[in-house]
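> Based on what follows, work out the 3D shape:
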Amino acid sequence: MSRVTTLFTTLTVALLAPYLAQAQAPDAALIERGAYIATAGDCAACHRTKQSGGPAYAGGYVIASPLGDIVAPNITPSHKAGIGGWSFEDFDRSMRRGVRPDGARLYPAMPYTNYQGISEDDMRALYAFFTNGVKPVDTIAPTTDLPFPFNIRAMMIPWNWMFRSDKPFRPTPALSPAAQRGQYLVETLAHCGSCHTPRNILMAEKNSQAFTGGDVGGWRAPNITSDPVSGIGGWSDQQLVAYFRNGHVAGKGVAAGGMGEAVEHSLRSLSDPDLSAMVAYMRTVAPVRDSADTRAAFGFTQVRPVSLTAYENSDTRDQNAVAGSATIDGARLYAGACASCHGLNGNGSKDGFYPPLVGSSATGSNNPNNLVMTVLTGVDRRGSDGHAFMPAFANDMNDAQVAAVANRVLTQFGNSAVQVDAAQVATLRAGGGKPLLLKLVPWIIGLLGLVLVGLVTVFMKRRFWKS
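Numbers count the residues shown, from 1 in each chain. The predicted structure follows:
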């Protein structure tokens, strides 16, 4: 009888196996939805390979954080190198709580404090995509190794207790349905605040100053509140959508650095309704004015008289000549490094392919960081309308030369009240100023040492008296 039962069971399982597998496997629509959510979450911008053109989500890309380099891990469904062995619960816990299956804590360079608000349905679609829609890559990404004491991942336990919330996303009831969708995208999936919100001493977002601007690796992520002078209030809805889609808007600005990456890996691929929803929500963010702003950054549209003598007599009329020059004459450097594309008068090309320096947020801002960083690192961005490229001059110009050409641009085409010196350039070249937390490290280590000495002393005294 037992043999008959076993045979019957075996035949039943064999016959039903294809149907059971089909029932367990996510359908194509769910995987496709997960792919879109991954795009909205900008996952590819960090979890890419160190070299461009590598396999998707294979990791290895180095994120230069203020506390040290963080290497993005492999998140393909590889069982050897990625997340192939993760259950949905493992995946959900890492996304919302910043905890890996082995119990190790993630650093908040992974924006799990924002991803906490992802809906259950979206999280399951995201899991379906990463486990069934991504090609597994068996290359193990290098391990992140921050300097002491930040290499102690257990330090994230009290940090999470202070700054991470378990509350699910709840849209503001008074908003329109479109603005509510935009709020979900801006605050959760797109995690805009992770760059555009300033950080406190412990590197957590200052939620009371949300979207008023932040500093990221030398770049200045600008104020994106609805203020017409300091924020995006002076941009039309169409201009904002075009900026998200293409990475540039004539008379407003050009996306570079981290924003350029967001355009290339995320924003340009979102649907028009979602981009419009993001704009609708941003219009509702309370305006915050920077007291240093006298007018909008794109409002500096007057070209000051440009002397042609420096250009006519320049011996630095191309990038190669600039690289071999020791001059710190901003006009001569501009002639060789910039004028061939941006024009002698900073108006760019007539077709707009080479953007104007006049009426640009980078040249009119009260903060020159983005102008300097653009000179140092260049632009390499793909938008919906094509590939934008500007060479980097970090290896061709020293700090004094970068300051000189930046000051030339500011004086002739932008906010002439702002000036740059070589020391500022050196700081930005190194990734920006050190946060206060990093400056306090010697004191923190000293305090920990004193605590340890105190504990040892108490322990030894107790042993002495007991003996």
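> what bridges to Phe389?
In this entry, Phe389 is beta-bridged to Asp380, by DSSP bridges.
> can you list the domain ranges for the protein.
26-169, 297-436, 441-466 (automatic domain parsing).
> I'd like those domains as a markdown table, with mean pLDDT appended.
Below are the domains of the chain laid out as a markdown table (pLDDT from 0 to 100):
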| stretch | mean pLDDT |
| --- | --- |
| domain 26-169 | 94 |
| domain 297-436 | 88 |
| domain 441-466 | 69 |
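> mind checking which of these is nearest Ser269?
domain 26-169 (5.0 Å; C-beta to C-beta). No exception for glycine: its C-beta is placed from N, CA and C like everyone else's.
> measure that closest one end to end?
In domain 26-169, first residue to last residue: 25 Å (C-alpha to C-alpha, to the nearest Å).
> Also stretch 275-295?
End to end - C-alpha to C-alpha - stretch 275-295 spans 27 Å.
> which residues in the protein form strands?
In the chain, the strands defined using DSSP state E lie at 62-65, 68-71, 214-216, 219-221, 248-249, 253-254, 379-383, 386-390.
> Turn these into JSON lines, including mean neighbour count and distance to Ala29.
Converted to JSON lines, the strands of the chain look like this (neighbours: other C-beta atoms under 10 Å; distance: least, C-beta to C-beta, whole Å):
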{"stretch": "strand 62-65", "mean neighbour count": "16", "distance to Ala29": "33"}
{"stretch": "strand 68-71", "mean neighbour count": "17", "distance to Ala29": "34"}
{"stretch": "strand 214-216", "mean neighbour count": "19", "distance to Ala29": "36"}
{"stretch": "strand 219-221", "mean neighbour count": "24", "distance to Ala29": "35"}
{"stretch": "strand 248-249", "mean neighbour count": "24", "distance to Ala29": "34"}
{"stretch": "strand 253-254", "mean neighbour count": "24", "distance to Ala29": "37"}
{"stretch": "strand 379-383", "mean neighbour count": "19", "distance to Ala29": "28"}
{"stretch": "strand 386-390", "mean neighbour count": "14", "distance to Ala29": "31"}
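> Nearest approach to His342 belongs to which of those?
strand 386-390 (9.3 Å).
> CA atoms of the closest one as PDB?
Included here for strand 386-390 are C-alpha records, laid out as PDB according to Å, rounded to 0.1, in the frame of the first residue of the first chain:
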ATOM      1  CA  GLY A 386      21.600  63.100 -26.300                       C
ATOM      2  CA  HIS A 387      25.000  62.900 -24.800                       C
ATOM      3  CA  ALA A 388      26.600  66.000 -23.200                       C
ATOM      4  CA  PHE A 389      30.300  66.000 -22.700                       C
ATOM      5  CA  MET A 390      32.800  68.600 -21.400                       C
END
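> Now do that strand: which elements does it pack against?
strand 379-383 (3 or more C-beta pairs under 8 Å, 6 or more residues apart in numbering; DSSP states H and E).
> picking up where we left off before, turn the strands of the chain into JSON lines, including distance to Thr411.
As requested, these are exported to JSON lines (distance: least, C-beta to C-beta, whole Å):
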{"stretch": "strand 62-65", "distance to Thr411": "31"}
{"stretch": "strand 68-71", "distance to Thr411": "36"}
{"stretch": "strand 214-216", "distance to Thr411": "24"}
{"stretch": "strand 219-221", "distance to Thr411": "20"}
{"stretch": "strand 248-249", "distance to Thr411": "24"}
{"stretch": "strand 253-254", "distance to Thr411": "19"}
{"stretch": "strand 379-383", "distance to Thr411": "22"}
{"stretch": "strand 386-390", "distance to Thr411": "21"}
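> closest one to Val418 among those strands?
Here strand 219-221 is closest among the strands of the chain (C-beta to C-beta), at 12.1 Å.
> Mind listing residues that contact the closest one?
195-196, 213-215, 256-259, 365, 367, 369-370, 373, 432 (C-beta atoms under 8 Å, 6 or more residues apart in numbering).
> looking at these, which has the most residues close by?
With neighbours taken as other C-beta atoms under 10 Å, the top of the contacts of strand 219-221 is Ser365, carrying 27 neighbours.
> Restricted to helices, list the contacts of strand 219-221.
Judged by DSSP state H, helices contain the following of the contacts of strand 219-221: Cys195, His196, Gly257, Gly258, Met259, Asn369, Asn370, Met373.
> re earlier: mind putting the domains of the chain in a markdown table, distance to Asn207 included?
Shown next, in a markdown table, are the domains of the chain (distance: least, C-beta to C-beta, whole Å):
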| stretch | distance to Asn207 |
| --- | --- |
| domain 26-169 | 9 |
| domain 297-436 | 18 |
| domain 441-466 | 25 |
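> just checking, Gly253 touches Phe298?
Yes: between Gly253 and Phe298 there is a contact under C-beta atoms under 8 Å: 6.4 Å.
> Please identify every residue contacting each of these two.
With C-beta under 8 Å, 6+ apart, Gly253 and Phe298 have common neighbours Ser360, Ser361.
> and the ones in helices among the contacts of strand 219-221, which two are the farthest apart?
Farthest pair in the ones in helices among the contacts of strand 219-221, by C-beta to C-beta: His196 and Met373, 16.1 Å.
> residues touching the closest residue to Val402 other than its chain neighbours, list them.
With C-beta to C-beta, 6 or more residues apart in numbering as the criterion, Val402 has its nearest non-adjacent residue at 4.7 Å, and that residue is Val425. Residues near Val425 by C-beta under 8 Å, 6+ apart: Val372, Leu376, Asp399, Ala400, Val402, Ala403, Ala406.
> now Val137
Pro55, Tyr57, Ala58, Asn74, Thr76, Ser78, Ala81, Gly82.
> Looking at those, which one is closest to Pro147?
Asn74 (23.6 Å).
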